[in-house]
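Participant: what's the 3D shape of this:
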Amino acid sequence: MNKFLNLLYYFLLGAFMLFVVYLTVMLAISPKQDRQKRGFIACTEQLVLDVAECERGSIFCPLKYLGHDMACNTAVILDGFGAWLRGRQPTPWANYLFVAESLEATDADFDSRHIENMEKLEQQRQFIWHKQQELDAAKSRSLNLRNDVLMSAPEDVLPDEYKENITLPDEDSSQTSEDISDEAFMDDIKPVKQNTEEKPKNEEK
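Facilitator: This is a model prediction of the structure:
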């Protein structure tokens, strides 16, 4: 029994040492920069950010984050092995040993996409500007047409079929219109006053 336990202990210790050596070699030869940040790159970047928050002179803080980094790298290796078993990738290490995409290509692609977006924005701006000019011109035409309608005579604005029903006052009738001033009203009531004055004379006779 003791022999079996010793064999198991040395087997687990050897497997752990082999895994540490394998992980160290993979970290050494794996790409350090990649456009898509595949493999161990995301774990390394997170380790740098975490260690930067540790106080100077602290020992346990960096060790804690080194443990987190080892767990993250182990998860990457296990994910690759699982993807290989499921047939998602040709080898167990294909997800962290790959041909990296250079950052220069990323910058060039970003610049091209930025230029393309700027051209699209300029086209949209020109389209909006032309539409605004058309809208302003339409508003101006509508305002001028409304002013013309208000200032014009009805016979100039209405269609021909409605002009026949319009009757305008004659110039002679306007000149011969009755006088409705106060003087005309007083002239009309003078005879009435004369009749009222003559009534006593008739009564005396």
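Participant: all strands for the chain, in order.
Facilitator: Counting by DSSP state E, no segments of the chain form strands.
Participant: any regions of it where pLDDT drops low?
Facilitator: For the chain, the stretches flagged by pLDDT under 70 are 103-112, 144-205.
Participant: could you list the domains of it?
Facilitator: Split into domains by automatic domain parsing, the chain comes to 2-101, 103-168.
Participant: just say which of those is most tucked in.
Facilitator: domain 2-101 (a mean of 13; mean count of other Cβ atoms under 10 Å). In short, each C-beta sits where N, CA and C put it, glycine included.
Participant: what's the end-to-end length of that domain?
Facilitator: Across domain 2-101, the terminal residues are separated by 53 Å (Cα to Cα, to the nearest Å).
Participant: what's the answer for stretch 82-91, then?
Facilitator: Calculated as Cα to Cα, the first-to-last residue distance of stretch 82-91 is 10 Å.
Participant: I'd guessed P62 sits against V51; true?
Facilitator: Yes - applying Cβ atoms under 8 Å, one finds P62 in contact with V51, separated by 5.3 Å.
Participant: which non-adjacent residue is nearest E101?
Facilitator: R35 (3.7 Å; Cβ to Cβ, 6 or more residues apart in numbering).
Participant: what's the spacing between the one you found and F16?
Facilitator: 34 Å (Cβ to Cβ, to the nearest Å).
Participant: and if you look at F60?
Facilitator: When F60 is compared with F16 (using Cβ to Cβ), they lie 22 Å apart.
Participant: same check, this time on L121
Facilitator: Taking Cβ to Cβ, one finds L121 at 56 Å from F16.
Participant: ok, now C72?
Facilitator: From C72 to F16 the distance is 17 Å (Cβ to Cβ).
Participant: give me every residue that touches the spatially closest residue to G80 that is not a sequence neighbour.
Facilitator: Using Cβ to Cβ, 6+ apart and skipping the chain neighbours, the partner closest in space to G80 is N95 (4.1 Å). By Cβ atoms under 8 Å, 6 or more residues apart in numbering, N95 lies in contact with 38-39, 76, 79-80, 83, 89.
Participant: okay, the residues you listed in JSON lines with distance to A137 next?
Facilitator: Below are the contacts of N95 laid out as JSON lines (distance: Cβ to Cβ, whole Å):
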{"residue": "R38", "distance to A137": "56"}
{"residue": "G39", "distance to A137": "60"}
{"residue": "V76", "distance to A137": "63"}
{"residue": "D79", "distance to A137": "63"}
{"residue": "G80", "distance to A137": "65"}
{"residue": "A83", "distance to A137": "62"}
{"residue": "Q89", "distance to A137": "62"}
